[in-house]
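J.: Pasting a predicted model and its sequence here:
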Amino acid sequence: MNTRAQLFVGNLPYRVRWQDLKDLFRRAGTVLRADVSLGPDNRSRGYGTVLLATAEDAGRAIDMLNGYCWQTRVLEVRPDRLGASDVVGGAGMKTLFVGNLPFHIQWQDLKDLFRAAGAVARADVTVGPDGRSRGFGTVSFVTEDGAERARRMFDGCVAAFS
């Protein structure tokens, strides 16, 4: 079974080349390929992609490097929406709806809680036009197995958030 996972990396420092990107992501796991998008003038466009060997490596990379400050730039790391069907965000990823959340909960709290079930690619708490929580959100897992484990662990439960 092929579990490779491709991530989008945004807000890259303009001096970064593919080898620098690959070296950074090696902290999270096995990097199969790293690319920095270049314009017609051969200069960086400030974003790229990283292909990791496993979905677990991709989840770890998102956890470690999304929001990471690298050479004065804060990175955005997420599943690549344009990758092949076998990558994160493709056929294997599963998103769960989470309702009845306390209004003070932030996306990071939700991600931290659901990480106990498996690698979380993304967690969101829905906010209204006033910027306040609407009391529900979503959690996207790197694998369907992680989502199913989370459903079994948390369906019908009341979570204690401090």
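T.: Arrived safely, thanks for sending.

J.: which SS state does the residue of the chain most remote from its centre fall under?
T.: Taking CA atoms, centre = their mean, the residue of the chain most remote from its mean C-alpha position is D41, at 30.5 Å. Taken by DSSP: H, G, I helix; E, B strand; the rest coil, the conformation at D41 corresponds to coil.

J.: Quick check: it vs A117, distance?
T.: For D41, the distance to A117 (CB to CB, to the nearest Å) stands at 46 Å. Backbone N, C-alpha and C define where each C-beta goes, glycine included.

J.: what phi and what psi does the backbone show at the residue farthest from the centre of the chain?
T.: Dihedral pair for D41: phi -90, psi 10, per degrees, to the nearest 10.

J.: roughly how far is stretch 146-162 from the heart of the chain?
T.: The chain centroid and the centroid of stretch 146-162 are separated by 19 Å under CA atoms, centre = their mean, to the nearest Å.

J.: Now that stretch: buried residues?
T.: Judged by neighbour count using 16 or more other CB atoms under 10 Å, the buried positions of stretch 146-162 are G146, A147, R149, A150, F154.

J.: which residues are contacting it?
T.: 94-96, 98, 102, 104-105, 109, 113-114, 116-120, 139, 141 (CB atoms under 8 Å, 6 or more residues apart in numbering).

J.: All good on my end, thank you.
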